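*Asks:* Generate coordinates for the sequence data below:
(2 chains)
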Amino acid sequence: MSHTIDLATATTRELNSALQAASKVTPKQNWTVHNPGGGHTLAVGLDGDVDVTIDGHVGYYCAGMNQRANVTITGNAGPGVAENMMSGQVRIKGNASQYAGATAHGGLLVVEGSASSRCGISMKGVDIVVHGSIGHMSAFMAQSGRLVVCGDAGDALGDSIYEARIYVRGEVASLGADCVEQPLEQIHRDELAQLLTNAGAVGVDVGDFRRYGSARELYHFKVDNAHAY
Amino acid sequence: MCGIVGLFAKNPEFEHDLGRYFAPMLLEMTDRGPDSAGFAVYRDAVSGTEHKVTLLATGDLSWREFEVAAESANVGFERIVVHDNHAVIVVAGDTEPFIAWVRGAYADLRVLSSGVAIEIFKACGIPEQVIERFGVNSMKASHALGHTRMATESAITTEHSHPFSTGDDLCLVHNGSLSNHNRLRRDLERRGVHFSTDNDSEVAAGYLTWRLREGDSLEQALTHAIADLDGFYTFAVGTRDGFAVLRDPVACKPAVLAETDHWVAMASEYRALAGLPGAASARLWEPEPGRIYSWEHADSRASA
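*Replies:* Below you'll find the model as predicted:
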């Protein structure tokens, strides 16, 4: 069933209450949100199977804490989109501002444009696919999950990374501490192909990517350093 | 947190309505900065050798008595337009004798701006009150730059509010915080830069004033600022013919730029731009870290 809500008249709280309730209803509902106007915390805390399309640009923390829901933003997203997402899918047709997908535990975040700095900071299991490029300090302290970038990556990619696999097709301005290039094995090609397909990134050759990950030098205790304690 | 907005008209029709579009931008940034608000507006450029000075009265002052005193002081005073506790004074020739006289004779007057077109207004309180008080909605201007302040580094007073003047027809608004402002302030004071407050943003303005006085172009001054200012910032600098935007290399503080055939705008967030005509289809982007963007007249350009 198709529903609409207009933020020219409805409040953010009314929107989120309606969407959270809709996410608990079967059969699955389809919602369109008009006039987001760069508003904050739109479509947050959804916990169930619902399709939401936000028609326009959103501000801070859109689709935060998402579980199972499928949220599409037709414009750009402000800082912290899909922060702490647990599952489901968030898709941004435009660009995303800083810390997209921060601390997210699961699900798929797709940015069809580019994402700015700190994309996937402290990611904990989410898959992030960016059709364009990402800014500096992306995947900082990444713990788990996959970050795929079809364009370029900014400075200090994967700084202090624990675990997480990063795939970049273009240039990497610089790698952060303990982030190193690693071989692209068949298993990685397979998962990359699957992620690109899921994200609708067509015409992208898996073989053009390089893989980056943790050298595991920072977070394992080294006996040579015992005297320092 | 603070909010920054800037709006620049690309044609005379838009100039006519600039205040009507600028006021809601400032209003939208209320929850980023409810402590005080201020703006610089570029309008009614004086001609020939005339200059404008904006004054703020921090105490009780009769502008009528001030006018009489200024007329007899032989400091080039020509005319005065009073806006509440602010006044825009037009002087013949250089502003220096007039400003020196004001500073000597009136301890509770502050010089907010000087130049050919710039006027600066600011006050404590929510942006709505400031917009009302200074008639922002009816302003006709080529461009305007505004700030809503949520104080983190120093007191909430009108003098601590933005914009800060950085020289003739120049001003600065800042979202962020500087960590080396005390040392910089001492250095700049030794070089003769005048400060009215302990505000960190005023130091950034003083720094630019000093660099420009040393002969830097605005772009060179901002390039030096990247090296010498330690902290977080999105700066917007108002100039005689436009404005410039710079984010620090770490770029924690937000900024969005937008451009159509009729206007160029910047704001801390898109929502401040959403009400502009054609915003939904405007070219929109985030300024890159450590990169200077500037606009003059209808010509837009960016440099690394």
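
*Asks:* Please make it C-alpha for all contacts and neighbour counts, starting now.
*Replies:* Will do.

*Asks:* Tell me the residues on chain A that lie near chain B, please.
*Replies:* Taking CA under 8 Å from any CA of the partner chain as the contact definition, chain A meets chain B at A:37-39, A:56-59, A:78, A:97, A:117.

*Asks:* In TSV: these, plus neighbour count.
*Replies:* Shown next, in TSV, are the residues of chain A next to chain B (neighbours: other CA atoms under 10 Å in any protein chain shown):
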residue	neighbour count
A:Gly37	21
A:Gly38	23
A:Gly39	23
A:Gly56	20
A:His57	25
A:Val58	30
A:Gly59	23
A:Gly78	29
A:Ser97	26
A:Ser117	28
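
*Asks:* Chain B: which of these is nearest?
*Replies:* Set against chain B, the nearest of these by CA to the nearest CA is A:Gly38 (4.3 Å).

*Asks:* ok, now which ones touch A:Ala153?
*Replies:* Counting by CA atoms under 8 Å, 6 or more residues apart in numbering or on different chains, A:Ala153 touches A:133-136, A:138, A:168, A:170-173.

*Asks:* the longest helix in chain B is where?
*Replies:* Ordering each helix of chain B by length in residues (DSSP state H) puts helix B:200-213 first.

*Asks:* Point out the other elements, helices or strands, that the helix or strand that comes right after that helix touches.
*Replies:* Moving toward the C-terminus from helix B:200-213, the next helix or strand (DSSP states H and E) is helix B:218-228. Helices and strands touching helix B:218-228, as assessed by 3 or more CA pairs under 8 Å, 6 or more residues apart in numbering or on different chains; DSSP states H and E, comprise helix B:200-213, strand B:292-296.

*Asks:* for the ones you listed, which one sits closest to A:Ile161?
*Replies:* A:Ile161 lies closest to strand B:292-296 among these, at 31.1 Å (CA to CA).

*Asks:* all helices in chain B, in order from the N-terminus.
*Replies:* Going by DSSP H, chain B shows helices at B:12-16, B:18-28, B:63-72, B:96-105, B:127-133, B:181-190, B:200-213, B:218-228.

*Asks:* Tell me how far the residue of chain B most remote from its centre lies from chain A.
*Replies:* Here chain B reaches farthest from its C-alpha mean at B:Ser72, the gap being 30.8 Å by CA atoms, centre = their mean. Going from B:Ser72 to chain A by CA to the nearest CA, to the nearest Å gives 54 Å.

*Asks:* Using the three-state scheme, assign A:Gly213.
*Replies:* Following DSSP: H, G, I helix; E, B strand; the rest coil, A:Gly213 is assigned to strand.

*Asks:* separation between it and A:Ala96?
*Replies:* Going from A:Gly213 to A:Ala96 by CA to CA, to the nearest Å gives 23 Å.

*Asks:* who has more neighbours, the two?
*Replies:* Counted by other CA atoms under 10 Å in any protein chain shown, A:Gly213 and A:Ala96 do not tie: A:Ala96 has more neighbours, with 31 against 24.

*Asks:* ok, of the residues of chain A next to chain B, which one's closest to B:Met139?
*Replies:* The nearest member of the residues of chain A next to chain B to B:Met139, counting by CA to CA, is A:Gly37 at 24.7 Å.

*Asks:* quick one: average confidence on the longest helix seen in chain A?
*Replies:* The single longest helix within chain A, with elements called by DSSP H, is helix A:186-198. For helix A:186-198, mean pLDDT rounds to 98.

*Asks:* helices and strands around it, which ones?
*Replies:* If you count contacts as 3+ CA pairs under 8 Å, 6+ apart, helix A:186-198 packs onto strand A:124-130.

*Asks:* Give me the pLDDT for the residue nearest to B:Pro289 when sequence neighbours are not counted.
*Replies:* Nearest residue to B:Pro289, sequence neighbours excluded (CA to CA, 6 or more residues apart in numbering or on different chains): B:Pro249, at 4.5 Å. Predicted confidence (pLDDT) for B:Pro249: 94.

*Asks:* And A:Ile134, by the same measure?
*Replies:* A:Ile134 carries a pLDDT value of 98.

*Asks:* Ok, the one 3 residues further on next?
*Replies:* In the prediction, the pLDDT value recorded for A:Met137 is 97.

*Asks:* isn't it right next to A:Gly154, touching?
*Replies:* Yes. Using CA atoms under 8 Å, A:Met137 makes contact with A:Gly154 at a distance of 7.1 Å.

*Asks:* Tell me which of the two has more neighbours.
*Replies:* Between A:Met137 and A:Gly154, A:Met137 has the larger neighbour count (other CA under 10 Å), namely 27 against 19.

*Asks:* Helix, strand or coil: sort out the more buried one for me.
*Replies:* Judged by three-state DSSP, the three-state class of A:Met137 is coil.

*Asks:* Same list (the helices of chain B) but as CSV, adding mean pLDDT.
*Replies:* Output for the helices of chain B, formatted as CSV (pLDDT from 0 to 100):
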stretch, mean pLDDT
helix B:12-16, 95
helix B:18-28, 98
helix B:63-72, 97
helix B:96-105, 96
helix B:127-133, 97
helix B:181-190, 96
helix B:200-213, 94
helix B:218-228, 95
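
*Asks:* Just tell me which of those ends up closest to A:Val148.
*Replies:* helix B:218-228 (31.6 Å).

*Asks:* Count the residues that sit near residue 223.
*Replies:* Assuming you mean chain A. Neighbour count of A:Val223, defined by other CA under 10 Å: 8.

*Asks:* that's the other chain; I wanted chain B
*Replies:* 17.

*Asks:* Over to the one 4 residues further on?
*Replies:* One way to gauge burial is a neighbour count; for B:Ala227, by other CA under 10 Å, it gives 10.

*Asks:* quick one: it and B:Leu172, what's the gap?
*Replies:* Distance check for B:Ala227 against B:Leu172: by CA to CA, it reads 18 Å.

*Asks:* Verify the contact between B:Lys122 and B:Gly38 for me.
*Replies:* Yes. Using CA under 8 Å, B:Lys122 makes contact with B:Gly38 at a distance of 3.8 Å.
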